[in-house]
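# would you be able to build a 3D model of this:
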Amino acid sequence: MNAFNRVILVIFAMAGIIFALASAAVLAGLEWPVAFFRQTAGMLGFTEIAYGLLALYILAGIRLAWLGIVPGKKQAVVSEGSLGQVRIALSAIESLVEKVVLDQRGVKEAGASVKKAPNGIGIRIKTVVAPDVNIPHLSDTLQNHVRDRVLEVTGIEVHDIRVVVENISAQKLRVE
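Numbering: from 1, shown residues only. I've put the predicted structure just below:
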C-alpha cells in the first residue's frame, strides 16, 4: 500500500471513529452531539458541504475496499520458453543474488531486493564489508558477477544493479 492509500485509510478510520464516538454519546443519552448537529445544520451551505463530505467518504471506502479485494502486483518475472511460460518469483532471484554476493571475498553480510523493470529487472544489494576491502573494486565485481549469474540461471536481463555498503565490519577477513 503506497503513502496516498495510507493517508486515505487514516482519514477514513479517524472519521469513522469520530462518528462512532458521537453515535455512542447520543445512545448514552448525552444532548451535546444532537445540539451541535442542529446548530451546524442551520448554517448556510451545510447541506452541500455535508453531501460533498459524504461522497468523499463513500469514495474513500470504495477505494479501500477495492485495495483489499484486488490482489497486489504479481511478484514473478515471466520468461517465454519453447513450451510456454516460466514464472520466477522475485524472492527466488533475491536468494540467488544474496548467495552470489556472499560468495565474494570481503562481504560479511548481504541483502537483496529485486524490482521488475520494463525489459528485465533491477536489483539493489545492501552489504556489510570487511575493513580491508577496496569498495569501488568490490562493487564492480559484485555488479558483474550478479548480472552474469542471474542471466545464466534465469535468462533474465538485469538493467540496474545498485550496491549500498551499509556498514564496514570491525573484524578483518579470516585467513583461510
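
# check what contacts stretch 32-39 and list those residues.
22, 25-26 (CB atoms under 8 Å, 6 or more residues apart in numbering). Heads up, the C-betas are built off the backbone N, CA and C, glycines and all.

# lowest-pLDDT helix or strand in the chain?
Here the helix or strand of the chain ranked lowest by mean pLDDT, DSSP states H and E is strand 76-81, holding a mean of 68.

# which element is encountered next along the chain beyond that one?
Using DSSP states H and E, the helix or strand that follows strand 76-81 in sequence is strand 84-89.

# just the CA atoms of that next one, as PDB, please.
Extracted as PDB, the C-alpha positions of strand 84-89 are listed here (Å, rounded to 0.1, in the frame of the first residue of the first chain):
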ATOM      1  CA  GLY A  84       5.300 -22.000 -22.600                       C
ATOM      2  CA  GLN A  85       5.800 -19.500 -19.800                       C
ATOM      3  CA  VAL A  86       8.200 -19.900 -16.900                       C
ATOM      4  CA  ARG A  87       7.500 -17.800 -13.900                       C
ATOM      5  CA  ILE A  88      10.300 -17.000 -11.500                       C
ATOM      6  CA  ALA A  89       9.400 -15.400  -8.100                       C
END
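
# buried sites along stretch 144-153?
Across stretch 144-153, burial judged by 16 or more other CB atoms under 10 Å covers 145-147, 149-150.

# sort out for me which of those residues are in helices.
Counting by DSSP state H, those place 145-147, 149-150 in helices.

# select from the contacts of stretch 32-39 every entry located in strands.
In strands, defined here by DSSP state E, there are no members of the contacts of stretch 32-39.

# which of those residues has the most neighbours?
Compared across the contacts of stretch 32-39, A22 has the highest neighbour count, 16 neighbours, by other CB atoms under 10 Å.

# grab the nearest non-local neighbour of that residue.
What sits nearest to A22 in space, not counting adjacent residues and going by CB to CB, 6 or more residues apart in numbering, is P33, at 4.7 Å.

# strands of the chain, start to end?
According to DSSP E, the chain carries its strands in the segments 76-81, 84-89, 107-117, 120-129, 158-168.
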